[in-house]
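Participant: sequence first, predicted coordinates after that:
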Amino acid sequence: MGLADTLRHATVDDHRAVEEAELLKSIFRPDFDLDEYALLLGHWACFFCRFDPELALFHSAKYSYIPRLPRVDRDLAYLSGVTRRPRVRSSYDGWLPRTDSERLGAIYVLEGSTLGARLICKRLTERFGSHARLCTAYYAMRTVHWPGFRAFLDAAESDDTVDPDAVVAGARSTFGALRDYMDVSACGVLRITATASVGEPLPV
Ligand code: HEM
């Protein structure tokens with residue numbers, strides 16, 4: 001089995017657990033509103049504040065990580081003008097991917113999440129109509145061609161500097177951290193409030 005399949009099999013339960021996280025599930029509730037969407041993006045911002053700088057250190061001639069935070073911030077700016085972050089506590093606060101193997105595991109999780117993001121984008125457009133065009137820069141990101149990325153993962157396994165166990169451990173810890181960040185009970189004091197509301201005319 002190649003590294004791409006190993007990762008998929010090793011993280012099936014982690015994916016299920018993150019899909020069950022309250023903030024992500026709320027997207028599909030019929031009354032999901034822009035306030036809740038801004039709150040969700042605030043949690044993503046908090047996550048990428050910690051993870052983006054670390055993942056940008058991953059070196060490969062065939063792959064460069066594109067930081068996500070600028071997109072999340074752009075969406076948040078449209079929704080609320082708030083650039084402060086909610087405080088989120090996670091049992092993974094003491095952990096970050098520090099080696100290229102752990103970073104590759106974390107990158108697998110974030111690139112893979114763009115597959116689910118397609119469904120989320122569709123849902124956001126259905127719920128928020130023309131607003132969605134102006135606040136889905138993050139969820140609309142298409143950073144890799146997935147089959148090509150899976151081939152890249154498989155090829156990485158033959159690189160002496162890549163430790164497949166550490167890649168899997170990095171992926172599982174990243175899923176664990178995300179599960180915490182997507183849990184509303186971990187939210188700190190700041191509640192982000194959206195200024196746009198569904199049905200409002202778009203700004204010109
Ligand atoms: C933080 C949240 C999420 C993360 C980190 C995440 C991560 C991933 C990863 C790593 C994969 C690739 C699995 C593989 O190796 O093939 C994947 C695939 C997928 N995810 Fe998620 N996901 C998240 C949320 C969601 C949500 C909320 C949905 C449902 C709306 C979803 C639906 C999917 C689908 C449909 C696929 C493609 C399955 C396939 O074609 O084989 N994901 N996700």
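Facilitator: Now that the structure is in, tell me what you want to look at.

Participant: centre of the chain versus the biggest helix by length in the chain, how much separation?
Facilitator: If you go by DSSP state H, the chain has its longest helix at helix 100-128. Here helix 100-128 is found 6 Å from its chain centre; the criterion is Cα atoms, centre = their mean, to the nearest Å.

Participant: cool, stretch 155-173 as well?
Facilitator: In terms of Cα atoms, centre = their mean, the centre of stretch 155-173 is set 20 Å apart from its chain centre.

Participant: and that stretch, how far apart are its ends?
Facilitator: End-to-end distance for stretch 155-173, by Cα to Cα, to the nearest Å: 23 Å.

Participant: quick check: mean pLDDT across that stretch?
Facilitator: Average pLDDT, stretch 155-173: 96.

Participant: could you do stretch 126-143 as well?
Facilitator: 94.

Participant: report the buried residues of that stretch.
Facilitator: Across stretch 126-143, burial judged by 16 or more other Cβ atoms under 10 Å covers 127-128, 131-132, 134-141. C-beta: built from backbone N, CA, C; applies to glycine.

Participant: keep only those of those residues that are in helices.
Facilitator: Using DSSP H, the subset of the buried residues of stretch 126-143 located in helices is 127-128.

Participant: tabulate the buried residues of stretch 126-143 in CSV, adding columns for distance to the ligand.
Facilitator: As requested, the buried residues of stretch 126-143 are arranged in CSV below (distance: Cβ to the nearest ligand atom, whole Å):
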residue, distance to the ligand
Arg127, 13
Phe128, 16
His131, 20
Ala132, 16
Leu134, 22
Cys135, 18
Thr136, 14
Ala137, 17
Tyr138, 12
Tyr139, 10
Ala140, 15
Met141, 13
